[in-house]
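> Give me a 3D structure for the following:
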Amino acid sequence: MKQRISNAQKIYKEGVRLLEDAGVEEAGLDAWHLLEHVSGITRAAYYAHPDLELDVEQEEAYFAYVRRRARRIPLQHITGEQEFMGYPFYVNGHVLIPRQDTELLVEEALGMLAPGMRILDMCTGSGCILISLLKAGRERRHIAGLYGTGTDISQEALQVAERNARRLLGGRGTEEEAGGFRFCRGDLFENAEGKYDLIVSNPPYIRTQEIKKLQPEVQCHDPYIALDGRDDGLHYYRRITAESTAHITEGGHLLFETGHDQAEDVCALLEQAGYHGVFVKKDLAGLDRVVGGSYNRTYTGL
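Now for the predicted structure:
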């Protein structure tokens, strides 16, 4: 029978060692998040009480989680949660884990919201983009009458999005209610009804041949269909941009998250489709991250 450690600080240090040995990049941070997850211990209590102990169940759960993380299972799949825009989102292996880079897309979209807007989130995944827009628009910006639709080809992903919407938005809204929403399954615009004032999307944009070079947490545990942008990574940008013109209002906005080397190509696609005022926003690392424009059916591009 394995001897218990019990002391929280010793347990944490052993967790760090195991994750470092497994090649986990942020071993210390991940070991801490797992300790916090199983015990509820705060950093203040951890340092103020060096003799603090975990009970048997907590210790066993902690090392079970550490072993899973050592197998390069993402931390968020173990805890079942990822924070995005300050909101807690449930995640699992059926959705792309929300990333901080994508918050820039939401921030840009928030600045475009107006009362009564209809929003479409293409490739919604966990629903983090659409739900954050509706919740922040309603509660932080006090914008009335927002209605959002999220579409995805994966039924499992839509179940995650629905769960997050019920948790963060409450119930199922209607078009007349601020913060109303619906999710529907379909291949891009297949089941999107009517026209929208704002279309946002973080589509699959990794080049197929690049996926095998990604970290194990991504290539082995993020859903492949949420990553694969085909040969040049631009497949879904082409489709969404071309098809969007039948589903966007005059003067409506289309916003994409892009890979760091794709902004120029995506800008050209928007121009060719009749979008004007096309712009690029850089992320905190100084990399191109968001591309957007406004639709004008008479605009001829360059």
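
> so how many other residues sit close to residue 298?
7 (other CB atoms under 10 Å). Bear in mind the C-beta positions are built from the backbone N, C-alpha and C, glycine included.

> again with residue 42
Neighbour count for residue 42, taken as other CB under 10 Å: 10.

> repeat for the one 10 residues further on
Using other CB under 10 Å as the criterion, residue 52 is surrounded by 16 other residues.

> so what's it up against?
For residue 52, the contacting residues are 7, 8, 9, 41, 45, 46, by CB atoms under 8 Å, 6 or more residues apart in numbering.

> mind running it again at 10 Å?
Neighbouring residues of residue 52 by CB atoms under 10 Å, 6 or more residues apart in numbering: 6, 7, 8, 9, 11, 39, 41, 45, 46.

> So what sits opposite the second one in the bridge?
When assigned by DSSP bridges, residue 7 has beta-bridge partners residue 53.

> just to revisit the earlier point, of all the contacts of residue 52, which comes closest to residue 156?
Taking CB to CB as the measure, residue 156 sits nearest to residue 39 out of the contacts of residue 52, at 30.8 Å.

> Tell me, how many residues neighbour residue 256?
Using other CB under 10 Å, residue 256 is surrounded by 27 other residues.

> And residue 61, by the same measure?
Neighbour tally, residue 61, other CB under 10 Å: 16.

> How about the contacts made by the closest residue to residue 21 other than its chain neighbours?
Leaving aside its sequence neighbours, residue 21 sits nearest to residue 70 (CB to CB, 6 or more residues apart in numbering; 7.5 Å). The contact partners of residue 70, by CB under 10 Å, 6+ apart, come to 15, 18, 19, 20, 21, 22, 23, 24, 27, 30, 63.

> nearest to residue 202, of those?
Of the contacts of residue 70, the one sitting nearest to residue 202 (CB to CB) turns out to be residue 30, at 24.2 Å.

> Let me know the average pLDDT across the longest strand belonging to the chain.
In the chain, with assignment by DSSP state E, the single longest strand is strand 248-257. Averaged over strand 248-257, pLDDT sits at 97.

> Report the buried residues of that strand.
Buried residues in strand 248-257, defined by neighbour count with 16 or more other CB atoms under 10 Å: 248, 252, 253, 254, 255, 256, 257.

> From residue 195, how far off is the second one?
The reference is to residue 252. 7 Å (CB to CB, to the nearest Å).

> Find the residues that touch each one of those two.
Common neighbours of residue 252 and residue 195, counting by CB under 10 Å, 6+ apart, are 118, 120.

> just to revisit the earlier point, out of the contacts of residue 70, the closest to residue 184 would be?
Using CB to CB, the contacts of residue 70 come closest to residue 184 at residue 30, 35.7 Å.

> Let me see the contact set for the closest one.
Going by CB under 10 Å, 6+ apart, residue 30 touches 15, 16, 19, 24, 65, 66, 69, 70, 74, 75, 78, 79.

> I'd like to know which of the buried residues of strand 248-257 is nearest to residue 130.
Of the buried residues of strand 248-257, the one sitting nearest to residue 130 (CB to CB) turns out to be residue 255, at 12.2 Å.

> Assign the residue nearest to the closest one when sequence neighbours are not counted to helix, strand or coil.
In space, and not counting its chain neighbours, residue 255 is closest to residue 292: 4.0 Å by CB to CB, 6+ apart. Following DSSP: H, G, I helix; E, B strand; the rest coil, residue 292 is assigned to strand.

> Now do the same for residue 292: its pLDDT.
pLDDT for residue 292: 98.

> next one: residue 268
So residue 268 comes in at 97 (pLDDT).
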